[in-house]
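> quick one, fold the following:
(one chain, ligands or ions: 2)
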Amino acid sequence: MPDSPSRSLRLGIAGPVGVGKSSLIATLCRALGDELALGVITNDIYTDEDARFLRSAGVLAPERIRAVETGACPHTAIRDDVTANLLAVEDLEQDFAPLDLVLIESGGDNLTATFSPALVDAQLFVLDVAGGGDVARKGGPGIARADLLIVNKTDLAPHVGVDVSAMVADARTARAGAPVIALSRHDPHSVAQLRAWVLALVDRHRSGDHTPIDPGPMAPHSHAHDDDHDHDAHHEHPHDADDHHDHG
Ligand SMILES: Nc1nc2c(ncn2[C@@H]2O[C@H](COP(=O)(O)OP(=O)(O)O)[C@@H](O)[C@H]2O)c(=O)[nH]1
Ligand SMILES: [Mg+2]
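Ligands and ions are numbered 1, 2, ... in the order given. Predicted structure coming up:
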């Protein structure tokens with residue numbers, strides 16, 4: 001629930017590592033920076049690499065881009081205990097009031113990670129064609145129920161043997177018709193579609209006509225953490241569906 005219609009729209013960007021979340025945020029800052037007051041939060045496990053990439057892209061004043069370091073479990077910081085992210089958003093909103101839109105990039109450790117509706121008003125889930133044409137069909141809460149699904153890097157489709165229109169059709173089926181945009185930062189028409197979708201959402205948020213949807217918690221899962229970090233990867237944390245899992 002928006003605290004007040006004048007608070008910024010908080011838009012989450014989720015999806016696996018490497019699908020182009022940071023690049024999509026840079027694209028959005030370029031496409032919307034003239035008409036909206038923007039802020040960006042990145043979630044990285046141990047670094048502020050995404051924030052540094054975005055600052056160096058020069059698409060937004062560097063002080064409007066802040067990093068939250070999430071520790072071992074980036075999905076926890078956007079779903080189960082969103083305190084650090086909420087504080088970062090509220091600080092940005094206070095420091096640059098009034099902001100229209102805050103973009104929050106997830107740490108992207110898991111195909112099924114979703115944002116809590118306590119942190120974001122709406123969320124995008126990003127896939128790329130290089131992940132294979134099948135991935136959209138495999139589903140998961142973000143793919144099925146995020147406010148918008150992006151099939152990214154369509155310019156690469158001929159090189160990886162993926163049929164974009166079939167992938168988009170599968171995605172639409174998995175989402176019961178909810179919106180899907182086939183995107184490439186090299187395709188101005190697709191960028192214009194994304195821009196229009198975000199502007200329409202900001203309008204609905206301002207007029208109080210947008211209702212946040214919870215895609216639901218991530219599926220029960222186990223995953224191995226990077227071997228090159230010296231920390232105890234074996235731990236459990238509660239998810240909101242009470243589906244405890246082990247990291248191995
Ligand atoms: N060909 C192509 N590459 C892209 C596109 N968007 C992002 N990339 C590349 O994909 C890689 C991962 O992008 P990044 O934004 O860091 O992904 P993230 O881990 O999801 O934040 C980088 O090398 C980007 O340059 C796109 O539309 N087309
Ligand atoms: Mg990134």
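
> hang on, Leu11 in a helix?
No: checked against DSSP: H, G, I helix; E, B strand; the rest coil, Leu11 lies outside a helix; its state is strand.

> any idea how far it lies from Val151?
18 Å (Cβ to Cβ, to the nearest Å). Where you see a C-beta, it was placed from the backbone N, CA and C, and this is true even at glycine.

> same check, this time on Gly33
Between Gly33 and Val151 the distance, using Cβ to Cβ, works out to 24 Å.

> in terms of neighbours, single out the busier of Leu11 and Val151.
Between Leu11 and Val151, counted using other Cβ atoms under 10 Å, the more crowded position is Val151 (28 against 23).

> who's in contact with the closest residue in space to that one that isn't next to it in sequence?
Beyond its immediate neighbours in the sequence, the residue positioned closest to Val151 (Cβ to Cβ, 6 or more residues apart in numbering) is Ala182, lying 4.8 Å away. When contacts are counted by Cβ atoms under 8 Å, 6 or more residues apart in numbering, Ala182 touches 151, 154, 164-165, 167-168, 190.

> now Ser165
With Cβ under 8 Å, 6+ apart, Ser165 has these contacts: Ala182.

> just say helix, strand or coil for it.
Per three-state DSSP, the local secondary structure of Ser165 is helix.

> so it versus ligand 2, what's the distance?
Ser165 sits 27 Å away from ligand 2, taking Cβ to the ion, to the nearest Å as the criterion.

> wait, doesn't Ala178 sit right on Arg145?
Yes: proximity of Ala178 to Arg145 meets the contact threshold set by Cβ atoms under 8 Å, at 7.3 Å.

> quick one: stretch 109-120 to chain centroid distance?
In this view, stretch 109-120 has its centroid 8 Å away from the chain centroid, taken as Cα atoms, centre = their mean, to the nearest Å.

> could you dump that stretch to PDB, C-alpha only?
Output for stretch 109-120, consisting of C-alpha atoms alone and laid out as PDB, is shown next (Å, rounded to 0.1, in the frame of the first residue of the first chain):
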ATOM      1  CA  ASP A 109      21.200 -15.200  -7.200                       C
ATOM      2  CA  ASN A 110      18.200 -17.300  -8.000                       C
ATOM      3  CA  LEU A 111      15.800 -17.800 -10.900                       C
ATOM      4  CA  THR A 112      12.800 -17.700  -8.600                       C
ATOM      5  CA  ALA A 113      13.700 -14.800  -6.300                       C
ATOM      6  CA  THR A 114      10.900 -12.200  -6.000                       C
ATOM      7  CA  PHE A 115      10.600  -8.800  -4.200                       C
ATOM      8  CA  SER A 116       8.400  -8.400  -1.100                       C
ATOM      9  CA  PRO A 117       5.400  -6.100  -1.700                       C
ATOM     10  CA  ALA A 118       6.600  -4.400   1.600                       C
ATOM     11  CA  LEU A 119       9.600  -3.100  -0.500                       C
ATOM     12  CA  VAL A 120       8.300  -2.500  -4.000                       C
END
